[in-house]
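# could you look at this predicted model? Sequence included:
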Amino acid sequence: MLKNSEEIELLLSAREPGIRDPQRSEQGPKEILCDFFKDRDVNGQRVLELGPGHYEFCETIRQRGAKAEAVELDPPVIELGLRRKFRVWPGNLTQLPSLTIYGKFDGLFCKGSNNPFWFYGNEKTLRTYIVAMVNLVKPNGWLWIVSSPDCSPTLTSTQVIQWLEIEARIYRELGFTEWVIPHKVIASYYGICFTHSRLAVFTLGLPPHSWSAYSIMRLIWFCLNSFFFRHLRKLFK
């Protein structure tokens, strides 16, 4: 979420409509840290986010003592990060293997800013891209990744699923744990706004996803709020 009129004005020229929205939801980062980072203390860690949006995750993990950095291509989003005192590496994520980013990170976070369909039909290039993400992280570090399923409308649903399965297999072969998100409501709870029949979280160096009593209560509260406001909007249409 944007914090003031200066930030709102700055992002009016952002490339993506969702980034230009000053009311963009902050849902997700706290819930992700609660459910996926139970045994991971990020205090003092150097963490890289690919495609930071409004820097919601960067802000949240910085509050836990981490040093957050980001990779971003869009100049207004880069400037937003600099104004908020984040280090931002300029670069196109489609060219991640060739970007100049110095040093190794303790963790890497990417929520929907990478897309396996950039490399559709070329499994070798897709693998090279995923390996490049892994290589940005220290040997004992962690990665948390959700890929965007956006693809060409010319692809059939079978082709889409087959390519996502190939992506998942590559992650598994590299030692990642795959957690298939069971429902779109749960995806929304984690701030994942894509609509697809097969969405998955890929993690490395993190404990498997599990629900605590606290997170279940938060999910129920989220569902109740979503239901209430959805029907309230219909009422006033």
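That came in fine, so what should we check first?

# can you list the weak-confidence ranges in this protein?
Per-residue confidence for the chain (pLDDT under 70) gives these ranges: 195-197, 227-237.

# give me that answer again for 80
Low-confidence segments of the chain (pLDDT under 80): 1, 194-198, 212, 214, 225-237.

# now do the helices in it.
5-10, 17-20, 29-36, 56-63, 75-83, 123-135, 157-173, 184-189, 213-235 (DSSP state H).

# and those helices as TSV, adding distance to Gln95 and mean neighbour count?
C-beta: built from backbone N, CA, C; applies to glycine. Formatted as TSV, the helices of the chain follow (distance: least, C-beta to C-beta, whole Å; neighbours: other C-beta atoms under 10 Å):
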stretch	distance to Gln95	mean neighbour count
helix 5-10	25	13
helix 17-20	20	13
helix 29-36	26	19
helix 56-63	22	20
helix 75-83	16	18
helix 123-135	9	16
helix 157-173	18	15
helix 184-189	28	17
helix 213-235	36	11
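
# between these, which gets nearest to Gly205?
Of all the helices of the chain, it is helix 123-135 that lies closest to Gly205, at 10.0 Å by C-beta to C-beta.

# quick one: the closest one to helix 157-173, angle?
Relative orientation of helix 123-135 versus helix 157-173 (axes from the mean of the first three to the mean of the last three C-alpha atoms, to 10 degrees): 40 degrees.

# let's have the helices of the chain in CSV, adding distance to Gly107.
Below are the helices of the chain laid out as CSV (distance: least, C-beta to C-beta, whole Å):
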stretch, distance to Gly107
helix 5-10, 26
helix 17-20, 23
helix 29-36, 11
helix 56-63, 8
helix 75-83, 17
helix 123-135, 11
helix 157-173, 16
helix 184-189, 21
helix 213-235, 20
